[in-house]
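Student: Next input, structure requested:
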Amino acid sequence: MSTQSVERMTVELQTFGPEHRDGALHLSRQEQWPHRPEDWTMALSVSRGLAAVDERSRVVGTVLMTPYGDGAATINMVIVDPAWRGQGLGRRLMDGAMALAGDRPLRLVATRDGLPLYERLGFRETGRVLQHQGECRPVTLPTPADVAPATAEDMAAIAGLDRLAFGAERGELIDRIATAGRFLVLRTAGAVTGFAALRDFGRGWVIGPVVAPDLDTAKRLMAPFMTECAGRFLRVDTTATTGLAPWLTENGLAHVGGGVAMQRPVLAAQAAPVSTFALASQAFG
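Tutor: Numbers count the residues shown, from 1 in each chain. Down below sits the predicted model:
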């Protein structure tokens, strides 16, 4: 569809529902994003969003807002059909998503193409997200005795550690990840002091979130999952400041891209006994 033809058409922003999923999937595949129908369904289950629909009932744009209590929200899955770019649709979708978020501080991971729009909307860079993926190699680190599969009784502690590391309540997301995958936890004197999650996503598997008190502990939590996934496609999204990237590369997960972490407004990070070493995803943070 040419730019001239879209100028003669109108587009309506509708509340994103299950009926928009197939159209959204088509858009993400156009962008060569790896999302499956199940991945869109999971994102929608913890999010609110908008779908831009043209006069022929085609989805030509999407945006989701994932709320984490009143303390934060991420804006994600921002896609505009190439034929509609330059028509102001991306700005309309973002305005709609920010309205859905209300007064919540916002976070997102920007692509190079989206960066100018987000900067105009008041988002500022806070770091770099590094996407690592590939066929993982077995990791030689032995599984320590204090790392074990999480139980149902551990979920409150996992959510609490995630809240400390992320800075907002994400219990609903943690529960959804537990339904789709599974967790390993580190126990210290009987208490959960770190965790890692594994679930299927896109072309294979993804590890994240990973929350731990230090880099070595994060590796110990991830190593059993990486060995389990050896020879299969695995993805990990980390940040430049964690120091995890060289170890991921050594174990077969090449750096293939990423994005710019942004916030609106930028909030000072609070001191915490744990940090996030791998994101749940670029969409969820």
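Student: so where do the strands sit in the stretch 151-285 of the chain?
Tutor: Taking DSSP state E, counting those that start in this stretch to define them, one finds strands in the stretch 151-285 of the chain at 181-188, 191-201, 204-212, 233-239, 254-264, 275-278.
Student: For the ones you listed, give me TSV that also has mean pLDDT.
Tutor: Output for those, formatted as TSV (pLDDT from 0 to 100):
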stretch	mean pLDDT
strand 181-188	96
strand 191-201	97
strand 204-212	98
strand 233-239	98
strand 254-264	97
strand 275-278	98
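Student: Using TSV, please lay out the ones you listed together with distance to residue 86 and mean neighbour count.
Tutor: Where you see a C-beta, it was placed from the backbone N, CA and C, and this is true even at glycine. TSV is the format used below for those (distance: least, CB to CB, whole Å; neighbours: other CB atoms under 10 Å):
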stretch	distance to residue 86	mean neighbour count
strand 181-188	39	18
strand 191-201	31	21
strand 204-212	33	25
strand 233-239	29	24
strand 254-264	21	17
strand 275-278	36	24
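Student: Would you mind giving those as a markdown table with distance to residue 115 added?
Tutor: What follows is these, written out as a markdown table (distance: least, CB to CB, whole Å):
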| stretch | distance to residue 115 |
| --- | --- |
| strand 181-188 | 31 |
| strand 191-201 | 25 |
| strand 204-212 | 23 |
| strand 233-239 | 17 |
| strand 254-264 | 6 |
| strand 275-278 | 22 |
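Student: Which among those is found nearest to residue 94?
Tutor: Between residue 94 and the strands of the stretch 151-285 of the chain, the tightest spacing by CB to CB is seen for strand 254-264, at 10.4 Å.
Student: name the helices or strands packed onto the closest one?
Tutor: Applying 3 or more CB pairs under 8 Å, 6 or more residues apart in numbering; DSSP states H and E, one finds that strand 254-264 contacts strand 106-110, strand 124-135, helix 245-250.
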